[in-house]
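Q: Fold the following and give me the result.
(chains A and B, ligands or ions: 1)
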Amino acid sequence: MGSRALLLVKGVSSSSLPKNQLFCNFNCKSHFPRPNNNWVRTNCSTTQSSGPSLEPPDLPRLAQTARISLTPHEVEEFAPKIGLVIDWFGQLQDVDLQSVEPSIRADTEGDSFRADIPETFENREAMIAAVPNYEEPYIKVPKVLNKE
Amino acid sequence: MASTIFRSLHSHPFLFHPTALIRRKYVILYCTMRSAQTQTATQEKVKPQVKVSPHSTQSKALEKASKDYEAVIGIETHVQLNTLTKAFCSCPYNYGSPPNTSVCPICMGLPGALPVLNLKVIESAVKVGLALNCKLSLNSKFDRKQYFYPDLPKGYQISQFDVPIATSGYIDLDLPLEFGGGHRKFGITRVHMEEDAGKLLHSEGGSYSQETAEVDLNRAGVPLLEIVSEPDMRNGIEAAEYAAELQRLVRYLGVSNGNMQEGSLRCDVNISVRPIGQLQFGTKVEIKNLNSFSSVSRAIDYEISRQVLLHSQGQDKEIVQETRLWEEGAQKTVTMRKKEGLADYRYFPEPDLPGVFLTTDYVDGIRNSLPELPETKRRRYEKMGLSMQDVLFLANDMNVAEFFDTTITKGADVKLATNWIMGDIAAYMKNEKLTINEIKLTPQELAELIASIKDGTISGKIGKEILFELLAKGGTVKGLIEAKDLVQIVDPAEIEKWVEKVLSENPKQLEQYRGGKTKLQGYFAGQVMKLSKGKANPGLLNKILLEKLNAKS
Ligand SMILES: [Zn+2]
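A: Take a look at the predicted model:
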């Protein structure tokens, strides 16, 4: 249970999320983040592999759920790398976490909420200026079909 | 407020059990194709139901078939909270502001921007959870729901997934008499907090060769509560009344304006139909674009008939899992999008926000500050001896209820106060398009007016005149009575003088009366009242008049 939690949290690190929806048309081609091979290998080698218990992902589908286009060549290139990461998580499955409470995020002390007091952001102009396609007063984007 | 402590979550019994996430959305309903008549308990009118088929033979077949089928209905309601700022940033939110003026790096999803939760969102969610008799999760959290549309530029919506802030509640309501009346209790599956998306507007081509859409991010990040009902509703009217009661509730609580036209209260309805006796659910169809209670009611009844008709014609394969839109103009639902497989939202705990930890002190503090809720009010009014029609009218609008309550506190008779409020005052408000808070009449003066009529100081007729004066211009009952010399005349000698004057001025009618045409009494009474400028006590007037009319001359 514990290792599964970990996978849920780490499996989708913020770096693998697609970029900002305004600044990147979701059909545009973007590069799948490359896992750091050294990091993966180092960690793999330090742990005893007792055989991965996780299925390798269906990469085209994984890319589709993240709205990322991959060429067949890229799929071929990334599949083994992703597989390595999954293997590593597979090994974590074996760790006995029976007595460990799941942890979702780093603990934060003190006030992490705010009162309901409006404040206008000062540098709106700069943000608007950075929008690739802006036509007063709207942000222009490609037509969206089948929106949920 | 200080007693709410946020800290990271330590244990979550449900956190990693995906099976706990399955929501029940179904209810068994005996599909009665009742024709809606006049109005809901709300101020909105439900128009007469539109028949599915113009052909009477087909309608008859449908009517017959509907007895063999039952519908299954569930409702998801999004309530936009009326906080001054958005859920995770300090941008002010005002409906109707110029597009893209209330934005910041957080709600525009710029890299590195971190959300900070508005405490008022928690407070509102707890209020609604308590008011819906829910079990509150003292430890809950936010999750990311993957979302790939430009009206929420981050690429995900911050929501709550497996540990909503409130679960397993219920809501009580009374159906209006014109729909058969009756009390209903509908279950609430869950209430959770989330952020709204911005607005995506479709522009038709324009100067561009390719079609584009326009985005307004003012609404992006505005806090919402999603309220999921248990499937306890049986037809369109029940569903509309459920939505109306939710609106009443959030207005009473002061957490939302509940305005459907502005989209502050949005209902998505799930409906399926199956032959009675069949265990398996029919194919579920979702209906969107329901902008009023009457459209909720009519869209559901339309959709039930559509599905029953297909079933009865052996064409149930035509019912597919899809989202349909309610078309107000055509009074029908049309396919918007077929669903292909379950959407994979890839939820995971929001790492940028701490867990939501509530102390029992905090919850108790909110519980103790809750106003009297609509259901409690209705039961109290019922105990005061008011009819259900009166009860529903008075409790429908919190401000009307408050006006009524204050009037009673000032000593007014319950039934008389009700009659004045539901009668002339309501009519005046409707004509002048005013709310009860905008009229010049105060509960104090209404109580005074009722007392003045009751003790005979003024007649009911004069009372009405004074009422309209008070409604439009304000002032006091005492002041108006004095200024206009409206005190009722109860001096028999004075009334007798008027009666004699009228009789002597109408010798012909008097002769006819004494000849047997006794209906003329009303004519004489009217003349005397006119002469007294409406001030004569009607009882005395009639007594003296009769004596004089029947006296031997
Ligand atoms: Zn903002």
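Q: hey, which strand is longest across chain A?
A: As assigned by DSSP state E, the longest strand anywhere in chain A is strand A:138-142.
Q: can it be found next to chain B?
A: Yes. With Cβ under 8 Å from any Cβ of the partner chain as the criterion, chain B is reached by strand A:138-142 at A:Tyr138, A:Ile139, A:Lys140, A:Val141, A:Pro142. Placement of C-beta: from N, CA and C, glycine included.
Q: tell me which of those residues is nearest to B:Phe161?
A: A:Val141 (27.2 Å; Cβ to Cβ).
Q: now the residues of strand A:138-142 next to chain B: which count as buried?
A: A:Tyr138, A:Ile139, A:Lys140, A:Val141 (16 or more other Cβ atoms under 10 Å in any protein chain shown).
Q: Distance check, the closest residue to B:Gln444 other than its chain neighbours against B:Ala447.
A: Distance criterion Cβ to Cβ, 6 or more residues apart in numbering or on different chains; nearest residue to B:Gln444, sequence neighbours excluded, is B:Lys410 at 5.4 Å. Distance from B:Lys410 to B:Ala447, counting by Cβ to Cβ, to the nearest Å: 4 Å.
Q: Compare those two (neighbour count), which wins?
A: Applying other Cβ atoms under 10 Å in any protein chain shown to B:Lys410 and B:Ala447 shows that B:Ala447 carries more neighbours, namely 22 against 17.
Q: contacting residues for the more buried one?
A: Contact analysis of B:Ala447 by Cβ atoms under 8 Å, 6 or more residues apart in numbering or on different chains lists B:Thr407, B:Ile408, B:Lys410, B:Gly411, B:Ala412, B:Ala417.
Q: B:Glu500 in helix, strand or coil?
A: When classified by DSSP: H, G, I helix; E, B strand; the rest coil, B:Glu500 comes out as helix.
Q: For it, which non-adjacent residue is closest in space?
A: B:Lys548 (6.8 Å).
Q: Can I take it that the one you found is in a strand?
A: No. Under three-state DSSP, B:Lys548 falls outside any strand and is assigned helix.
Q: What's the end-to-end length of stretch B:365-380?
A: End-to-end span of stretch B:365-380 (Cα to Cα, to the nearest Å): 24 Å.
Q: domain assignment for chain B?
A: The record's domain parsing of chain B by automatic domain parsing lists B:18-42+B:50-342, B:371-484, B:492-551.
Q: Spit out the contact partners of the closest residue to the ion within the stretch 151-300 of chain B.
A: Among the residues of the stretch 151-300 of chain B, B:Gly221 lies nearest to the ion; the distance is 5.6 Å by Cβ to the ion. Contact partners of B:Gly221, counting by Cβ under 8 Å, 6+ apart, are B:Lys86, B:Ala87, B:Phe88, B:Cys89, B:Cys91, B:Ile106, B:Cys107, B:Glu195, B:Asp196.
Q: Please determine how far the fourth one is located from the ion.
A: This means B:Cys89. Here B:Cys89 is placed at a distance of 3 Å from the ion (Cβ to the ion, to the nearest Å).
Q: Is the nearest residue to A:Arg124 once chain neighbours are set aside part of a helix or strand, or is it coil?
A: Nearest non-adjacent residue to A:Arg124, counting by Cβ to Cβ, 6+ apart: B:Val103, 6.3 Å away. The three-state assignment at B:Val103 reads coil, by three-state DSSP.
Q: confidence score at B:Val103?
A: Per-residue pLDDT puts B:Val103 at 97.
Q: returning to what we had before: got TSV for the buried ones among the residues of strand A:138-142 next to chain B, with distance to the ion and pLDDT too?
A: Shown next, in TSV, are those (distance: Cβ to the ion, whole Å; pLDDT from 0 to 100):
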residue	distance to the ion	pLDDT
A:Tyr138	17	95
A:Ile139	14	95
A:Lys140	20	93
A:Val141	19	91
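Q: ok, the residue nearest to B:Glu500 touching B:Ser504?
A: No. The pair B:Lys548 / B:Ser504 is not scored as a contact, 10.4 Å apart, by Cβ atoms under 8 Å.
Q: which of the two has more neighbours?
A: Comparing B:Lys548 with B:Ser504 by other Cβ under 10 Å, the one with more neighbours is B:Lys548, at 17 against 9.
Q: How about chain A: which residue is closest to the ion?
A: A:Phe121 (6.4 Å).
Q: Now for that residue, how many residues are close by?
A: Counted by other Cβ under 10 Å, the residues lying close to A:Phe121 total 17.
Q: With B:Val126 instead?
A: Per other Cβ under 10 Å, the neighbour tally for B:Val126 reads 25.
Q: Identify the residues contacting it.
A: By Cβ under 8 Å, 6+ apart, the residues touching B:Val126 are B:Leu136, B:Ile165, B:Ala166, B:Leu358, B:Tyr362, B:Val363, B:Ile366.
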